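In: no FASTA, just this:
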């Protein structure tokens, strides 16, 4: 009798010991969420992150790490640094999903690039700069328009081609001081830029304050960083004339580098051309995505701008993006 009772008591433990446990490789790997339909606003991105956190920890809902990872992924693509960090942590610690240190490093890098020190600490502990292309959860969302290419001006042409007369009809910022407007109009033909584009960037960057300085030490009307100023031979960042000229030179360079794609040029003006190249489009930074959206709205959504092909070689990223687009269209 005692033997039978002991056997009954030990049966659940024996069965538990015989149940195979999942290895790291057997943990589920969440698939990419479907593409979004229509515009995505910041409030929606924040909701995704909050829902993901509740699912990750079982806060008021049934715990589901895979569903949490998918929502973090969604928010990460639109620049949510907290979601990027959280997904990186899940990937590093195999929290209900397969471990993937390579993807986690990219997640931490994106969050660190937005100023999250905790993410920088994690990235440093993993060896620094991540290798390879960013994972799908950091690629530009489907709601971003595809890369567009303008035609360079004809050889010997000065100013903007007549085909871009739409730029000339765009309203200029109402709060722009007349002296600055006149100076930009005077210089614009020299740099083959539409005054509307230059003034829209200036309005977003400094609100026309020549003494403006950002926490990152960008200065002046065009908010130039010291290294950008040196690149375009500016000796005094606070000199409005030098500042505007250097900002326009940089815009001309970026438009050539991205072959007239205004959205990519704006993203690079804010985040740097290397970030745009690395992420194959507007980087997954909340600030940059908002910056681009505001200026694009100010210029009436004009996606193409003529460019001076001699100002810079084309970005190698453009060929990759075009090839990927052609592959999708040929399916």
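Out: Here it is on my side, so go on. A quick note: this is a predicted structure, and the numbers were derived from the prediction, not measured. Numbering: from 1, shown residues only.

In: What's the separation between residue 211 and residue 219?
Out: With the distance defined as CB to CB, to the nearest Å, residue 211 ends up 8 Å from residue 219. Placement of C-beta: from N, CA and C, glycine included.

In: Looking at those two, which is more packed in?
Out: Between residue 211 and residue 219, counted using other CB atoms under 10 Å, residue 219 has the larger neighbour count: 22 against 10.

In: surely that one meets residue 243?
Out: Yes. Assessed by CB atoms under 8 Å, residue 219 is found in contact with residue 243 at 7.4 Å.

In: Need the overlap of contacts for those two.
Out: When contacts are counted by CB atoms under 8 Å, 6 or more residues apart in numbering, residue 219 and residue 243 have residue 237 as shared neighbours.

In: circling back to that earlier point, hey, what's in contact with both of residue 211 and residue 219?
Out: Contact criterion CB under 8 Å, 6+ apart; residues shared by residue 211 and residue 219: residue 238.

In: just the helices in the stretch 1-150 of the chain please.
Out: Read by DSSP state H, counting those that start in this stretch, the stretch 1-150 of the chain holds these helices, from start to end of the chain: 2-18, 42-57, 65-77, 81-93, 101-113, 117-125.

In: Contacts only, for the residue most central in space within the chain.
Out: For the chain, the residue whose C-alpha lies nearest the mean C-alpha position (CA atoms, centre = their mean) is residue 283; its distance is 1.6 Å. For residue 283, the contact set (CB under 8 Å, 6+ apart) comprises 79, 110, 113, 267, 271, 275-276.

In: Just send those back as a markdown table, with distance to residue 45 too.
Out: Listed next are the contacts of residue 283 as a markdown table, based on distance: CB to CB, whole Å:
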| residue | distance to residue 45 |
| --- | --- |
| 79 | 7 |
| 110 | 14 |
| 113 | 17 |
| 267 | 17 |
| 271 | 18 |
| 275 | 19 |
| 276 | 20 |
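
In: Using CSV, lay out those residues together with neighbour count and pLDDT.
Out: Written out in CSV, the entries for these read as follows (neighbours: other CB atoms under 10 Å; pLDDT from 0 to 100):
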residue, neighbour count, pLDDT
79, 24, 97
110, 33, 97
113, 21, 96
267, 28, 97
271, 23, 96
275, 18, 96
276, 28, 95
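
In: Pick out the shakiest of the helices of the stretch 1-150 of the chain, pLDDT-wise.
Out: Taking each of those in turn, the lowest mean pLDDT turns up on helix 2-18, with a mean of 46.

In: This protein - how does it break down into domains?
Out: Taking automatic domain parsing as the domain assignment, the record places the domains of the chain at 21-138, 162-329.

In: Of all the ones you listed, which one is nearest residue 144?
Out: For the domains of the chain, distance to residue 144 was read as CB to CB. The smallest value, 5.8 Å, belongs to domain 162-329.

In: What is the burial count for residue 130?
Out: What residue 130 shows, counting by other CB under 10 Å, is a neighbour count of 21.
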